[in-house]
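[1] Below: sequence and its predicted model.
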Amino acid sequence: MSIAIIPIAVSVHTVVSYVFAMTIKPMWHSTIFGPYFVVGAIYSGIAALLIAMVILRKVYHFEEYLKPEHFRRLGFLLLTMCCLWFYFTFSEFLTTFYGQSPEEMKVFYGKMSGDYRLLFWGMVFCMWTTFFTLTLPWLPLRTPAPLRAPARVLRPILAIAVVAAFVAISQRAGTMTTLAMDLRMPLPPFLERSMMAIMPIAFVWSLLPYLRNNPIVSSFVASIFVVIGMWLERFVIVVPTLVNPRLSWGVAAYHPSWVEWSLTAFDFAGMVLLFVLFSKVFPMLPIWEMREGELAERSRFETQRVIMDRASEVPA
């Protein structure tokens, strides 16, 4: 089933992307959507798998079976998909910007500096934070000795300040960019965008003592950001395009109602419920693999014991 699910996943998400790409709506009519959606599905799927592994490891006490090495290797795979996601996202927006199609530029600026800028930059913040969560703990970074004690107090404050500053700067950048579009002025200074790029580094640095030498925690934190960021990405793909039609009728901002939020929460809760019921009926770990592993461990132990007994029989 693990082998069969690979072509099924690729075909399903490719067909879903064709539903978007075969239309002529702005920023949907693109040949990159096929691999883009497949990469996003695998990326978020690995993140959801890591979250489920951490929870099951804690609830069912699978510490002897789900070891840190498993999370470390899955973290490397998650980092690989993160880089692929950045490549496809950059390619999508780069080609749109250089094409300068009027219909597509409305959607482009709606994401960058319009009504959906907070969602778009929130997606970038989550993905950028994921990248540094998976890379910074492996770098030989050390806090200077005089700053270690103050850093313990300042790190939580820094984490909260980074999130607040991100919201403030995204709002300010959006306002300035909108004004620049009206006055035919250039885009806002590069400094603000640079600060938004540096914020995830500061946020991860504030959590660095909890992430270093702990692949379970680092992969869990990164996976949470991936799941949030991928949901924001799907929202940013769908909604800004639909509220900017090609025909000349009025355009308004879209805000989900409480009914739509309830349906979204129901979908998430339903998936969690089905997964929990599955874990109650079927074993989460393959029994035959566990038995083979125990037999191999026992055989290895017996072999080592025989070697030690023979070595002790040899005269000095």
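    The structure has been received and is ready for your questions. Numbering: from 1, shown residues only.
[2] the strands in the chain, which residues?
    Remark: no strands are assigned in the chain by DSSP state E.
[3] gap between residue 263 and residue 107?
    In this view, residue 263 and residue 107 are 25 Å apart by C-beta to C-beta, to the nearest Å. No exception for glycine: its C-beta is placed from N, CA and C like everyone else's.
[4] more neighbours, those two?
    Comparing residue 263 with residue 107 by other C-beta atoms under 10 Å, the one with more neighbours is residue 107, at 25 against 11.
[5] for the most centrally placed residue in the chain, what are its contacts?
    When the chain is reduced to its mean C-alpha position, the nearest residue by C-alpha atoms, centre = their mean turns out to be residue 226, at 1.6 Å. Listed by C-beta atoms under 8 Å, 6 or more residues apart in numbering, the contact set of residue 226 reads 43, 44, 46, 47, 78, 82, 126, 127, 130.
[6] Just give the nearest non-adjacent residue to the first one, would you?
    With sequence-adjacent residues excluded and distances taken as C-beta to C-beta, 6 or more residues apart in numbering, residue 43 is closest to residue 81, at 4.0 Å.
[7] That neighbour touches residue 41, doesn't it?
    No: here residue 81 does not reach residue 41: they are 9.8 Å apart, not a contact under C-beta atoms under 8 Å.
[8] Point out where the stretch 101-250 of the chain drops to low pLDDT.
    Scanning the stretch 101-250 of the chain with the threshold set as pLDDT under 70 gives 140-197, 246-250.
[9] Not counting its neighbours along the chain, what's nearest residue 46?
    Leaving out its chain neighbours, the residue that sits closest to residue 46 by C-beta to C-beta, 6+ apart is residue 78, at 5.0 Å.
[10] how about the one you found, what does it touch?
    For residue 78, the contact set (C-beta under 8 Å, 6+ apart) comprises 43, 46, 47, 50, 130, 134, 219, 222, 223, 226.
[11] Just give me the closest of these to residue 102.
    Residue 102 has its nearest neighbour among the contacts of residue 78 in residue 43, at 32.0 Å by C-beta to C-beta.
[12] just checking, the closest one touches residue 85?
    Yes: with contacts defined as C-beta under 8 Å, residue 43 counts as touching residue 85 at a distance of 5.3 Å.
[13] returning to what we had before: out of the contacts of residue 226, which end up buried?
    Neighbour counting over those (16 or more other C-beta atoms under 10 Å) leaves 43, 44, 46, 47, 78, 82, 126, 127, 130 as the buried ones.
[14] And the fourth one, how close does it get to residue 242?
    It stands for residue 47. Distance from residue 47 to residue 242, by C-beta to C-beta: 26 Å.
[15] and what of the second one?
    In this structure, residue 44 lies at 22 Å from residue 242, with C-beta to C-beta as the measure.
[16] What is the burial count for residue 9?
    14.
[17] thought it was touching residue 43?
    No: under the criterion of C-beta under 8 Å, residue 9 lies out of contact with residue 43, with a separation of 11.9 Å.
[18] Now the phi/psi pair for residue 24, please.
    phi -110, psi 20 (degrees, to the nearest 10).
[19] and it, how many residues sit next to it?
    Residue 24 sits with 9 neighbouring residues when counted by other C-beta under 10 Å.
[20] And for residue 211?
    When counting by other C-beta under 10 Å, one arrives at 22 neighbours for residue 211.
[21] Was I right to think it contacts residue 136?
    Yes: with contact taken as C-beta under 8 Å, residue 211 and residue 136 are classed as touching, separated by 7.4 Å.
[22] and the end-to-end length of stretch 64-72?
    Counting by C-alpha to C-alpha, to the nearest Å, the length from the leading to the trailing residue of stretch 64-72 is 15 Å.
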